[in-house]
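# Okay, predicted coordinates and the sequence, questions at the end:
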Amino acid sequence: MTSTGNMRPGTKGSLNPDCAHSHALLDFAQYMNPQQVRVLKAAGLDIVEGDRSGAWVWDVDGRKFLDCFTSAGSFNIGRRHPRIVAAMHEAVEHLDHGNFLLCSQYKAALAHKLADLAPGGLCCTTFGTGGGEVIDFAIKLARGVTGRSKIISTLNGYHGHTGFALSAAGRDVYKAPFGPLMSEFARVPYGDLDAARAEIDPGTAAVLIEPIQGEGGVVVPPDGYLAGLRQACDESGALLIIDEIQTGFGRTGRWFACEHWGVVPDIMTVAKSLGGSLVAISAAIYTDQLREFLIPNPFIHLSTFGGSDLACAIALETLSVIEDEDLVKRSMHLGERLRGGLEVLADSRPEVFAEVRGLGLMVGIEYRDDSMGPRMSYHLGRHGVLAIYTGNAPSVMRLMPPLVIGEAEIDFLLEALYNAVEDLLNGVGDDEPVRKRPRRRPARQAQIAGGTT
């Protein structure tokens with residue numbers, strides 16, 4: 001399953017590794033986003049991915065990393081799983097995206113499978129390409145069904161960067177430059193049931209919630225919180241939308257994280273790992289009662305590439321891999337091993353660690369201050385681990401390794417963390433990144449106004 005040897009998988013047609021890394025960063029900065037390059041360099045994360053296999057990724061210059069970020073949980077079954085690669089080769093022999101307006105046996109088969117796996121009465125699916133797209137659809141559906149407009153989300157929540165999804169975002173920095181956004185969106189503190197109940201009113205269409213906040217710092221809700229939201233929505237006639245885009249498909253030790261608390265939403269969104277690391281696909285899964293709204297409006301929401309035939313074929317194989325390799329149970333077992341080791345380390349270094357939390361292989365390490373997130377990313381990289389602090393909570397390191405990770409690799413991660421902490425405390429590494437964010441380059445208009453060109 002996972003690659004633990006020192007041999008780097010071979011690739012053909014790549015640039016000379018001596019120049020590929022710098023060439024890629026220069027092109028990325030010039031033609032895409034120079035500030036992204038600066039920020040990543042400052043945290044020692046200027047990695048340019050080359051080969052990938054299982055739980056491991058190689059930089060184009062040959063450095064090997066245990067992938068504990070997995071693109072925010074997109075690679076539950078690992079990178080380029082052999083069965084997924086084989087399924088892709090088979091699919092492209094006779095499939096393409098397909099005509100989005102026609103019925104598709106692959107869409108139908110995947111929707112059937114998702115209905116079998118989803119909790120409660122969630123049995124109908126609309127497909128998209130990314131998480132933000134299906135969050136948008138979920139909000140549209142909630143408004144259409146209820147005839148109401150208000151959407152309640154949480155502070156530090158994260159649901160994507162598209163229209164409705166961005167309006168529900170829990171951090172103003174993502175939204176401020178683009179206002180005014182969609183109206184009738186409210187935010188409440190995560191985990192505060194009383195605050196949510198106070199905000200829900202007769203105009204509320206839906207409450208949108210992550211069962212565990214990912215970008216917000218791997219925040220696990222208090223017992224009774226999700227069940228209380230379910231009850232409050234039922235009492236008010238609002239819908240409950242649960243965003244399982246990061247937490248779904250075994251990540252937390254259940255197929256879906258909401259199952260830990262026995263709560264079934266009206267709409268559940270999934271994405272990321274459904275594509276098996278090779279395709280982009282997302283889905284909103286909802287009850288047949290909500291589907292009634294779509295019957296007189298069958299073309300009210302369309303996505304040209306959402307649920308393409310190729311993507312659905314790969315997603316079906318991805319779900320089979322999770323089942324056949326018992327990755328849901330594996331996630332719970334190895335998550336306990338990882339958290340146990342982290343708690344021992346945290347107890348030994350209270351000046352560094354504030355808390356270890358999470359479920360399954362979705363684990364958050366909270367450091368004592370925000371600067372430690374970027375600095376620990378840097379030091380972990382020096383010891384062969386790719387791990388990234390969360391955007392909405394920089395003091396929290398999010399560890400989301402592939403569910404195919406082995407016990408030896410868990411131990412490798414724990415050893416790397418131990419060594420990284422020692423390096424942090426001892427000031428090892430003369431090239432340690434600056435401990436503050438890189439200064440933003442002056443805007444072009446400001447330069448012109450100041451008489452420069």
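That came through fine. Since this is a predicted model, take the numbers as computed values, not measurements.

# Sheet partners, orientation included, of the one helix or strand A186 maps to?
For A186, the host element (DSSP states H and E) is strand 185-188. Sheet pairing of strand 185-188 (DSSP bridges) gives strand 150-154 (parallel).

# what's in contact with the partner strand?
Applying Cβ atoms under 8 Å, 6 or more residues apart in numbering, the external contacts of strand 150-154 come out as 139, 142-143, 159, 164, 167-170, 184-190, 196, 199-201, 203-210, 213, 216. Every residue, glycine included, has its C-beta placed from N, CA and C.

# Whichever of those end up buried, select them in PyMOL.
The PyMOL command for the buried members of the contacts of strand 150-154 (criterion: 16 or more other Cβ atoms under 10 Å) is given here:
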select buried, resi 139+142+143+159+164+167+168+169+170+185+186+187+188+190+196+199+200+204+205+206+207+208+209+210+213+216
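
# What ranges in the stretch 351-453 of the chain fall below the confidence cut-off?
The model of the stretch 351-453 of the chain has pLDDT under 70 over residues 429-453.

# rerun that using 90 as the cut-off
By pLDDT under 90, the weakly predicted segments of the stretch 351-453 of the chain are 371, 390-394, 427-453.

# can you check the stretch 151-300 of the chain too?
Within the stretch 151-300 of the chain, the set of residues satisfying pLDDT under 90 comprises 156-184, 297-300.

# Over to the stretch 1-150 of the chain?
For the stretch 1-150 of the chain, the ranges with pLDDT under 90 are 1-21, 39-45, 61.

# Helices along that one, start to end?
In the stretch 1-150 of the chain, the segments counted as helices under DSSP state H, counting those that start in this stretch are 17-31, 34-42, 70-73, 82-92, 105-117, 131-146.

# that older thread, can you give me how far the strand holding A186 is from the chain middle?
On the basis of Cα atoms, centre = their mean, to the nearest Å, strand 185-188 sits 22 Å off its chain's mean C-alpha point.

# roughly how far is the helix or strand following it from the heart of the chain?
Using DSSP H and E, the helix or strand that follows strand 185-188 towards the C-terminus is helix 193-199. Here helix 193-199 is found 27 Å from its chain centre; the criterion is Cα atoms, centre = their mean.

# Can you get me a residue count around the closest residue in space to G307 that isn't next to it in sequence?
Excluding the flanking residues, the one nearest G307 by Cβ to Cβ, 6 or more residues apart in numbering is F127, at 2.7 Å. For F127, the neighbour count with other Cβ atoms under 10 Å is 26.

# all helices of the stretch 201-350 of the chain, in order?
Secondary structure of the stretch 201-350 of the chain by DSSP H, counting those that start in this stretch: the helices cover 225-236, 288-291, 309-324, 327-348.

# and the second one, C-alpha only, in PDB?
Looking back up the chat, that one is helix 288-291. Provided in PDB are the C-alpha atoms of helix 288-291 (Å, rounded to 0.1, in the frame of the first residue of the first chain):
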ATOM      1  CA  ASP A 288     -36.200  12.700  -1.100                       C
ATOM      2  CA  GLN A 289     -38.600  15.200   0.500                       C
ATOM      3  CA  LEU A 290     -36.200  18.000  -0.600                       C
ATOM      4  CA  ARG A 291     -35.900  16.500  -4.000                       C
END
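
# for it, packing partners?
Packing partners of helix 288-291 (3 or more Cβ pairs under 8 Å, 6 or more residues apart in numbering; DSSP states H and E): strand 122-128.

# partner strands of the strand it packs on, parallel or antiparallel?
By DSSP bridges, strand 122-128 pairs with strand 282-287 (antiparallel).

# which residues are contacting the partner strand?
110-111, 114-115, 118, 121-131, 133-134, 137-138, 141, 245, 266-272, 274, 306-307.

# Filter those residues down to the buried ones, ChimeraX style.
Remark: buried members of the contacts of strand 282-287, expressed as a ChimeraX selection using 16+ other Cβ under 10 Å:
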select :110,111,114,118,122,123,124,125,126,127,128,129,130,131,133,134,137,138,141,245,266,267,268,269,270,271,272,274,306,307
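
# that older thread, can you say which of the helices of the stretch 1-150 of the chain is nearest to M332?
helix 70-73 (15.5 Å; Cβ to Cβ).

# can you tell me how far the nearest residue to R375 once chain neighbours are set aside sits from P221?
Nearest non-adjacent residue to R375, counting by Cβ to Cβ, 6+ apart: L424, 6.0 Å away. Distance of L424 to P221, computed by Cβ to Cβ, to the nearest Å: 31 Å.

# Bridged to the spatially closest residue to G203 that is not a sequence neighbour, which residues?
Take G203 and drop its neighbours on the chain: the residue closest to it by Cβ to Cβ, 6+ apart is K150, 4.7 Å away. For K150, the beta-bridge partners under DSSP bridges are T204.

# burial measure for K150, as a count.
K150, neighbours per other Cβ under 10 Å, totals 21.

# Just name the most buried of the helices of the stretch 201-350 of the chain.
Highest mean neighbour count among these (mean count of other Cβ atoms under 10 Å): helix 309-324, with a mean of 21.

# is it true that L25 touches L45?
No. With contact defined as Cβ atoms under 8 Å, L25 does not count as touching L45 (11.5 Å).

# so who does the most centrally placed residue in the chain touch?
Centroid check for the chain by Cα atoms, centre = their mean gives A72 as the closest residue, at 3.5 Å. Shown in contact with A72 (Cβ under 8 Å, 6+ apart): 214-215, 246, 272, 398, 400.

# again with G307
Counting by Cβ under 8 Å, 6+ apart, G307 makes contact with 104, 106-107, 110, 125, 127-128, 281, 283.

# Fine by me, thanks again.
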